[in-house]
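Q: How does the following fold in three dimensions:
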Amino acid sequence: MLGGLGFLIAVVALAGVAAALTGGRLGALLATPVRWAPLVFVAFALQVLTGLADWGGTVEEAMVGLQVGSYLLLLGFIARNRRLPGMALVAAGVALNGLVITVNRGMPTSLPAGVRMEETVKHHERRPSDKLVVLSDVIVVRPLGESLSVGDLLLAAGLVQLVVTRSRDPAGRRPPPPGGRAQPEGGDGLR
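A: Numbering: from 1, shown residues only. Next up is the predicted model:
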C-alpha cells in the first residue's frame, strides 16, 4: 500500500492541512458514502500479515498469493467506489504497486544509505532479476528514511484529492455564506 509509516503520516497530515485551508470539515468527510469498506480492512490485514517476516518455503508461496489477493481486494473496493473524487489516481497507484509485487514476488526496494531492511514477502532489496524496477520503491526520501514507488505517489495524490474534495459539503457545494444558500462548486449563484 503506501510506502512506510512516515509517508502515511505525512500524507494524512498534508490531506488534513489542505482540507482545512480549503474550508473542509471533518463531518462532511465522514458523511462520504463508502461501499464495501470491509474489503479495505481485510486487504490491510493481509498486507500486515504478509509484511511481518520472511516466511520461507511453502508458506512463503501462500503469503505471496495473499499479498496479491490483498491488491485484488483493494481494486474491488476502488471499483465499487469509482465515482468518488481521487479514486482514479488511487486505482492507478494500487494497480501499479500490485503489478510490480506480482511480477517480482514482492516490491523491490532501494534504501537510503545506511538503512537496513529485513526482507519480507512484501518487500525485498532490489535484485538484478527484478522487472519493472522503475515502478518499484526507488524514490528515496531521506528525511523519512523510506523509499517510495510511483504507485505510492499516485495513491497519495488520490487520497489527498478525496479528503480535500469530500471534506467540503458532501453534495459538492461550497459552505453557505452567512444567511445564504450553498452554491454549487464553480457556481456564481446566477441562473
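
Q: can you tell me how far the closest residue to residue 122 other than its chain neighbours sits from residue 125?
A: The spatial neighbour of residue 122 that comes closest, neighbours along the chain excluded (C-beta to C-beta, 6 or more residues apart in numbering), is residue 51 at 4.1 Å. All C-beta spots, glycine's among them, are computed from the backbone N, C-alpha and C. To residue 125, residue 51 is 15 Å away according to C-beta to C-beta, to the nearest Å.

Q: the more surrounded of those two?
A: Neighbours around residue 51 and residue 125, counted as other C-beta atoms under 10 Å, are more numerous at residue 51. The numbers are 18 against 13.

Q: hang on, the earlier thing: is it true that the residue nearest to residue 122 touches residue 120?
A: Yes: with contact defined as C-beta atoms under 8 Å, residue 51 counts as touching residue 120 (5.0 Å).

Q: Only the buried residues of the longest helix anywhere in the chain, if you could.
A: Using DSSP state H to define each element, the chain has its longest helix at helix 57-80. Buried residues in helix 57-80, counting neighbours by 16 or more other C-beta atoms under 10 Å, are found at 60, 63, 64, 67, 68, 70, 71, 73, 74, 75, 77, 78.

Q: so what's the second one closest to, chain neighbours aside?
A: It refers to residue 63. Counting by C-beta to C-beta, 6+ apart, residue 63 lies nearest to residue 121, which is 4.2 Å off, once chain neighbours are set aside.

Q: For the residue most central in space within the chain, what is the enclosing helix or strand?
A: With the centre of the chain defined as its mean C-alpha position, the nearest residue by C-alpha atoms, centre = their mean is residue 155, 4.0 Å away. Here residue 155 is covered by helix 150-166, with elements defined by DSSP states H and E.

Q: what packs against that helix?
A: For helix 150-166, the helices and strands in contact under the criterion 3 or more C-beta pairs under 8 Å, 6 or more residues apart in numbering; DSSP states H and E are helix 5-21, helix 26-30, helix 87-104, strand 139-141.

Q: How about residues contacting that helix?
A: Residues external to helix 150-166 that are found in contact with it (C-beta atoms under 8 Å, 6 or more residues apart in numbering): 1-3, 7, 11, 14-16, 18-19, 22, 24, 28-29, 32, 84-97, 100, 134-135, 137, 139, 172.

Q: OK, contacts around the residue nearest to residue 63?
A: Counting by C-beta under 8 Å, 6+ apart, the residues that residue 121 touches are 50, 51, 54, 55, 60, 63, 64, 67, 105, 106.

Q: doesn't it fall inside a strand?
A: No: residue assignment for residue 121, taken from DSSP: H, G, I helix; E, B strand; the rest coil, gives coil, which places it outside any strand.

Q: if we can go back for a sec, relative to residue 39, which of the helices and strands packed on helix 150-166 is closest?
A: Closest to residue 39 of the helices and strands packed on helix 150-166 is helix 87-104 (C-beta to C-beta; 11.8 Å).
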